[in-house]
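A.B. asks: Here you go, sequence then predicted model.
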Amino acid sequence: MGPGSHERVPTVSEVVREAAAIADPDGTETAVTALYDGFEDDDRPTTAVESLTGELLSTVRAIDPEEDEPAAWAAAAAAIWLARNPSLIDKGDQGDRVLREGARLVFHGKPPEPVAEWLATRGVEV
């Protein structure tokens, strides 16, 4: 990025929307839909949220207390990673990368077993 150029800071809604579309492209995962619905109108810049990670993960925990909806956990992790890497928003061919890097960031490379299995079924290695 050259002098005087600035990367636009995405909103919370934008990163969650993109992450939900990556994790659940068919819109069939109710927990992912619930995550998206919870942040659909959140126009705060991601940099203005004190703990985006905490907010997203606590929302998923409320949606999925049994932790058996791995797509929602993967979507939250992807949203957190996209907030730090906004240049990949709306880059449809980068979905696997976003999921992999989100899991590496949020779960320190060791996602919970259901998330790891879900990622593996998508061909994403963490």
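C.D. replies: Ah, there it is. Numbering: from 1, shown residues only.
A.B. asks: where does the closest residue to Pro10 other than its chain neighbours sit relative to Arg8, distance-wise?
C.D. replies: Closest residue in space to Pro10, ignoring its immediate chain neighbours: Pro86 at 4.7 Å, by Cβ to Cβ, 6 or more residues apart in numbering. To be clear about C-beta, it is placed using only N, CA and C from the backbone, and glycine gets the same treatment. Pro86 sits 7 Å away from Arg8, taking Cβ to Cβ, to the nearest Å as the criterion.
A.B. asks: which one of those two has more residues nearby?
C.D. replies: Ranked by neighbour count (other Cβ atoms under 10 Å), Pro86 and Arg8 place Pro86 first, with 17 against 10.
A.B. asks: so who does that one touch?
C.D. replies: Counting by Cβ atoms under 8 Å, 6 or more residues apart in numbering, Pro86 makes contact with 7-10, 15, 46.
A.B. asks: Among these, which one is most surrounded by other residues?
C.D. replies: When neighbours are counted as other Cβ under 10 Å, the busiest of the contacts of Pro86 turns out to be Val15, with 25 neighbours.
A.B. asks: Check the contact between it and Ala83; I expect there is one.
C.D. replies: Yes. Using Cβ atoms under 8 Å, Val15 is in contact with Ala83, at 4.9 Å.
A.B. asks: Now do the shared contacts for those two.
C.D. replies: Common contacts of Val15 and Ala83 (Cβ under 8 Å, 6+ apart): Thr46.
A.B. asks: Could you give the backbone dihedrals for Thr11?
C.D. replies: phi -90, psi 160 (degrees, to the nearest 10).
A.B. asks: Go ahead and confirm it touches Asp42.
C.D. replies: Yes. Here Thr11 reaches Asp42: they are 6.6 Å apart, a contact under Cβ under 8 Å.
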